[in-house]
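**Q** Next input, structure requested:
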Amino acid sequence: MRKYLLIGVSAFVLGAGTMAYVSPIAQATNATKGETYKMLELFGDVLQTVDTQYVSEVDNKKLIEAALDGMLTSLDPHSGYLSPDSFEDMNDTTHGEYGGLGIEVTSEDGVVKVISPMDGTPAARAGIQAGDYITAVNGQSVLGLTVNEAVKQMRGAAGEGVTLTIARDKTDPFDVKLVREVIKPKAAIARMEGDYGYVRLPGFTEKSTDALSASITDLKAKNPKMKGLILDLRNNPGGLLDQARGVADLFLDGGEVVSQRGRDKRDIQRLNATPGDLLNGLPMVVLINQGSASAAEIVAGALQDRHRAELVGITSFGKGSVQTVIPLRGGADGAVKLTTARYFTPSGRSIQKTGIEPDLEVAQTKDQAQDIANRVWFSEASFKNALNADEGKTRQGVHTPAEAPPPGFDEKKGDFQLERGLAVLKAGSVEAVPKLPKPQAKIAEVTAKAAAAAAGKGPAVEKK
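**A** Sure, this is the predicted structure:
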């Protein structure tokens, strides 16, 4: 449609000397452009006013970069402007090595919020959790800063100390002291769990598919009687789309992995797997949780839809959009990170806001089970300007999860979700595995009343 309109406008310009009629389309286009130029002129006026009358001298370059980022982040939480330095940092991250603390963060109402700590990093070792707010770095508030500005404060030379002030639900703010390291996210971690292989994928960098393939090949060579595989995608914040396709391709014998749909609904790009299954059909279980996002959800959704694996854990984060990084002047002026498409699983599911629900819902701890029953977890749906979910589709609210560690289970030494994943493999399916008694977690009374009132099943809850 856009190409057609462009041709029409060109034809009118060439015949302007003999044609007085202006079409409604041309009038609308000119009016829109006029309004845009007026607003750009307003921007220049505001910038000049700040430059000449603000209480102290300002850096116009920083002001304009902040304005660009503000414009883009107003679209959705994942679009934004990357300064040249931020663009370079992003390239370091996707290449799989950079300096810092090892935290995947985003911004919510001007506050930096943790999506997930990365395995084996200072943040993970210090116990930083998904959903934590970072309010200050070395005693300096980061409230109101962009994500890029806050991340820049957290990064620094390896070996230097840094103190983060953390705000966490149900606790008073507290400080965490960390030492910066050169972050080298492990591309894959592999071992045997009895007769079954276990592979953890912490993220999706340029090395992920090759590293995962090598790890599984090595497991099979050393354990030729391996009976199945656990793929652990918990707290995996995602990464590169092509690596998501590559990882899913290792286990799928051809067919669709994911599709992308942009502004034009007719423009659908499908990414397919190639023939061949690295496991030759061995059964699989994929572990997911609230920190599994983006590329991790693409892989989990593809394997679930294609009936190649069953999912164990809790509902994933719910980021169902694709961002394209568009360098400006080859990166000399930074880059625009822009949401250009939504992605859909092979069955046509969009998990935007709603996340991927596991085949067997398992809380990792008794406290987590109680949290699920008491409050809505931090997820993509938490952002006020997140892209809309499928029409009529909402994320599951507070509820008692199907399973949680029974009395006597050592939560500090044991991994309950992994144990249940292994039980599913041994039983042959989620349907066949013996179920545990439902947890004793109770939905908070006020929350339950509010939910009932919202559904029209009871009186509204009075706020005091």
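**Q** host element of residue 370?
**A** When elements are defined using DSSP states H and E, residue 370 is found to belong to helix 366-374.
**Q** How many residues are close by residue 274?
**A** 12 (other CB atoms under 10 Å). C-betas here are computed from N, CA, C, even on glycine.
**Q** confidence score at it?
**A** Here the pLDDT value assigned to residue 274 is 97.
**Q** Which pLDDT value belongs to the nearest residue in space to it that is not next to it in sequence?
**A** Counting by CB to CB, 6 or more residues apart in numbering, residue 249 is the residue found nearest to residue 274 once chain neighbours are left out, at 5.8 Å. Predicted confidence (pLDDT) for residue 249: 98.
**Q** mind starting the numbering at 2 from now?
**A** Sounds good: first residue 2 from here, last item residue 250.
**Q** contacting residues for residue 250?
**A** Residue 250 makes contacts with 210, 258, 274, 275, as judged by CB atoms under 8 Å, 6 or more residues apart in numbering.
**Q** ok, now which ones touch the third one?
**A** So that's residue 274. Each residue near residue 274 by CB under 8 Å, 6+ apart is listed here: 246, 249, 250, 253, 254, 255, 256, 257, 258.
**Q** Doesn't the second one lie inside a helix?
**A** Yes - residue assignment for residue 249, taken from DSSP: H, G, I helix; E, B strand; the rest coil, places it within a helix.
**Q** Tell me the spacing between it and residue 338.
**A** Taking CB to CB, to the nearest Å as the measure, residue 249 falls 24 Å from residue 338.
**Q** Please apply the same query to the first one.
**A** Using CB to CB, we find residue 246 at a distance of 20 Å from residue 338.
**Q** longest strand in the protein, by residue count?
**A** Using DSSP state E, we find that the single longest strand of the chain is strand 336-345.
**Q** in this protein, which segments are predicted with low confidence?
**A** Low-confidence segments of the chain, defined by pLDDT under 70, span residues 2-32, 93-100, 109, 186-187, 392, 442, 444-465.
**Q** so residue 106 makes contact with residue 153?
**A** No - with the criterion set as CB atoms under 8 Å, residue 106 and residue 153 do not qualify as a contacting pair; they are 11.8 Å apart.
**Q** of the two, who's got more company?
**A** Set side by side, residue 106 and residue 153 show more neighbours around residue 106, with 21 against 17, by other CB under 10 Å.
**Q** out of residue 249 and residue 338, which sits in the more crowded spot?
**A** Per other CB under 10 Å, whichever of residue 249 and residue 338 has more neighbours is residue 249, with 28 against 21.
**Q** And the more buried one, how far from residue 296?
**A** Residue 249 sits at a distance of 10 Å from residue 296 (criterion: CB to CB).
**Q** for residue 87, same thing?
**A** When CB to CB is applied, the distance between residue 87 and residue 296 equals 21 Å.
**Q** Compare these two (neighbour count), which wins?
**A** A direct count of neighbours by other CB under 10 Å for residue 87 and residue 296 places residue 296 higher, at 29 against 22.
**Q** That one contacts residue 243, correct?
**A** No - between residue 296 and residue 243 there is no contact under CB under 8 Å: 9.3 Å.
**Q** tell me the strands in the stretch 202-351 of the chain, going along the chain?
**A** In the stretch 202-351 of the chain, the strands defined using DSSP state E, counting those that start in this stretch lie at 229-233, 256-262, 269-274, 285-289, 311-314, 322-328, 336-345.
**Q** would TSV of those strands with distance to residue 56 be doable?
**A** Below are the strands of the stretch 202-351 of the chain laid out as TSV (distance: least, CB to CB, whole Å):
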stretch	distance to residue 56
strand 229-233	53
strand 256-262	47
strand 269-274	50
strand 285-289	50
strand 311-314	52
strand 322-328	36
strand 336-345	32
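**Q** mind checking which of these is nearest residue 68?
**A** Nearest to residue 68 among these is strand 336-345; the distance by CB to CB comes to 13.3 Å.
**Q** helices and strands around the closest one, which ones?
**A** With contacts defined as 3 or more CB pairs under 8 Å, 6 or more residues apart in numbering; DSSP states H and E, the secondary structure elements packing on strand 336-345 are helix 61-74, strand 81-83, helix 85-96, strand 256-262, strand 322-328.
**Q** in this structure, which residue is closest to the centre?
**A** By CA atoms, centre = their mean, the chain has its centre lying nearest to residue 294, at 3.8 Å.
**Q** Quick check: closest non-adjacent residue to it.
**A** The spatially closest residue to residue 294, leaving aside those adjacent along the chain, is residue 318, at 3.7 Å (CB to CB, 6+ apart).
**Q** Next: residue 397.
**A** Nearest in space to residue 397, with sequence neighbours left out and distances taken as CB to CB, 6+ apart, is residue 316 at 6.2 Å.
**Q** Would you mind giving the orientation angle of the one helix or strand residue 50 maps to with respect to helix 61-74?
**A** Secondary structure assigned from DSSP H and E places residue 50 in helix 25-54. Taking axes from the mean of the first three to the mean of the last three CA atoms, to 10 degrees, helix 25-54 and helix 61-74 form an angle of 140 degrees between their directions.
**Q** what about helix 25-54, distance to the chain center?
**A** What separates the centre of helix 25-54 from the centre of its chain is 35 Å, taken as CA atoms, centre = their mean, to the nearest Å.
**Q** returning to what we had before: between the contacts of residue 250, which sits nearest residue 388?
**A** Proximity of these to residue 388 (CB to CB) peaks at residue 258, which lies at 21.0 Å.
**Q** could you measure that closest one against residue 208, distance?
**A** Using CB to CB, one gets 19 Å for the distance from residue 258 to residue 208.
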